[in-house]
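In: pasting the sequence and the predicted model now:
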Amino acid sequence: MDQHIHGPKCGCHEYLNNEIADDLYGYIDLGLVDCLNEAHNNIKKIIIPQEQMLQKNFYVQSDQDSEIIVIIPFNETVRIKSINIIAYDEGSAPNQMKAYKDVANVDFQIIEAQPLEEFIISPNLDGLYPCAVKVNKFENINQLVLHIKSTIYDPIRISYIGIKGLTTGMKKQLVQTTYELIPFAKEVDPTKKVEMDIF
């Protein structure tokens, strides 16, 4: 049986109306975009308008190992409908992604926390297969954090990241959330939690 991949028109209840969305490029605070474990500091060059998504003039490459964390803040609160990741080529494509919202002081410890949603992603070289998200989990987003990795290739290379959704007209507000961390192997307290301020 073929694995079902969620898309804007897949028909699953959680993903209904995901095709009703705008390119949120103009609402990204590009000056504050950041990427952890990137080799060439190109992250701001691959977050571009949707109509330019197939231009492979630049790519983000992982530095050590086959994973990166991308931090994308917005100028105002948004509702996200889909996340589009285009690999530079098939031989360096990521195949897994986790999405988080509104986390301050991001580092690789975040990958131990429960994400909003996890995705299996394809090379998507033509950009036609964005990851539709569960819309009820991606309301009121001020900052999107993506952990992108490959279990096959090292390093990974990505030539485009695009976000589609709707704006709310609301300005960013400082709130607080609690992420429950999955304990490391040496930890013995399974109830350990960490509190992080979020934007």
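Out: Nice, thanks for sending it over.

In: please make it C-alpha for all contacts and neighbour counts, starting now.
Out: Noted.

In: and residue 88, what does it touch?
Out: Residues near residue 88 by CA atoms under 8 Å, 6 or more residues apart in numbering: 56, 59, 125, 157-159.

In: distance of it from residue 98?
Out: Using CA to CA, to the nearest Å, residue 88 is found at 19 Å from residue 98.

In: in this structure, where is pLDDT below threshold?
Out: For the chain, the stretches with pLDDT under 70 are 1-19, 172-199.

In: do a quick rundown of the strands in the chain.
Out: All strands of the chain, identified by DSSP state E, fall at 22-23, 34-36, 60-61, 67-87, 96-101, 117-120, 131-132, 141-149, 157-167, 175-180, 193-198.

In: I'd like the distance between the most centrally placed residue in the chain and residue 124.
Out: The centre of the chain sits closest to residue 146, judged by CA atoms, centre = their mean, with a distance of 3.1 Å. Applying CA to CA, the value for residue 146 to residue 124 is 17 Å.

In: now swap in residue 86 and tell me
Out: Relative to residue 124, residue 86 is positioned 5 Å away (criterion: CA to CA).

In: out of the strands of the chain, which comes closest to residue 47?
Out: Residue 47 lies closest to strand 157-167 among those, at 5.3 Å (CA to CA).

In: show me what residue 61 is bridged to.
Out: residue 157 (DSSP bridges).

In: measure how buried it is and give me the count.
Out: 24 (other CA atoms under 10 Å).
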